[in-house]
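Participant: what shape does this take:
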Amino acid sequence: MEARERLRRARLLLVTDPRDDLEERVEAALRGGVDIVQLREKRASREEVLPLARRLREVCLRHGALFTVNDDIELARLSGAHGVHLGQEDEPVARAREVLGPGAVVGRSAGGVEEARRAVREGADYLGVGSVYPTPTKPDAEVRGLGLIREMARAALPVPWFAIGGVTLETAGEVAAAGAPGFAVVRAVLDAEDPEEAARSLRALLPA
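Facilitator: Numbers count the residues shown, from 1 in each chain. The predicted structure is shown next:
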């Protein structure tokens, strides 16, 4: 299945954070239904992260999931990732396509409907939309609440999007009810005692 077809069916995106047992927890999360793994590693150099990126890619391939890299287009290329996720201040989508090829999956962060529309015009394949709630992962992110999710649902944009920012097992139900077609999570899965079960519980709240 091509990467874009997998993306069309994706509902649960896992963003990683640095931890000693990351690979074990990611594999458990994939068993629980995670569709996309996004490697986010801000504290180490590209050369230090590359071996981990390649290993996570292999784990994702075994489970039929997509593997993307946060921000770093060159790391995505070197690791053989399916694509890259770009923040609002990162490089243009066109640059990612130039480096990674036309079949790459390129995501973009959006904090509002207008940013989301602009990202779609730019050629983004999917969006991370938020922050829905306060989150220690990005303490400076503007919190937009469920109103943003409702606005996005009404906008009916033609690409998949994932609600991000403080989405937990406790809040996910109301996020889904507000119209989110997918979740992007970090601690809700990686901090869970059982990441597989946490992923399965989140996935069950979303459309099949």
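Participant: show residues contacting stretch 34-48.
Facilitator: For stretch 34-48, the surrounding residues in contact (C-beta atoms under 8 Å, 6 or more residues apart in numbering) are 6-7, 9-18, 26, 29-30, 49, 52-53, 56, 59-60, 65-72, 74-75, 78, 81, 85, 107, 184, 186, 189, 199, 203. From N, CA and C alone the C-beta is placed, and that goes for glycine too.
Participant: how does it look with 6 Å?
Facilitator: With C-beta atoms under 6 Å, 6 or more residues apart in numbering as the test, stretch 34-48 has contacts from 10-16, 26, 49, 53, 56, 60, 65-70, 75, 85, 199.
Participant: out of those residues, which sit inside helices?
Facilitator: If you go by DSSP state H, these have 26, 49, 53, 56, 60, 75, 199 in helices.
Participant: residues in contact with the fifth one?
Facilitator: Residues near residue 60 by C-beta under 6 Å, 6+ apart: 37, 67.
Participant: for residue 94, see how far away it is.
Facilitator: Residue 60 is 25 Å from residue 94, where distance means C-beta to C-beta, to the nearest Å.
Participant: give me the secondary structure label for residue 107.
Facilitator: What DSSP: H, G, I helix; E, B strand; the rest coil gives for residue 107 is strand.
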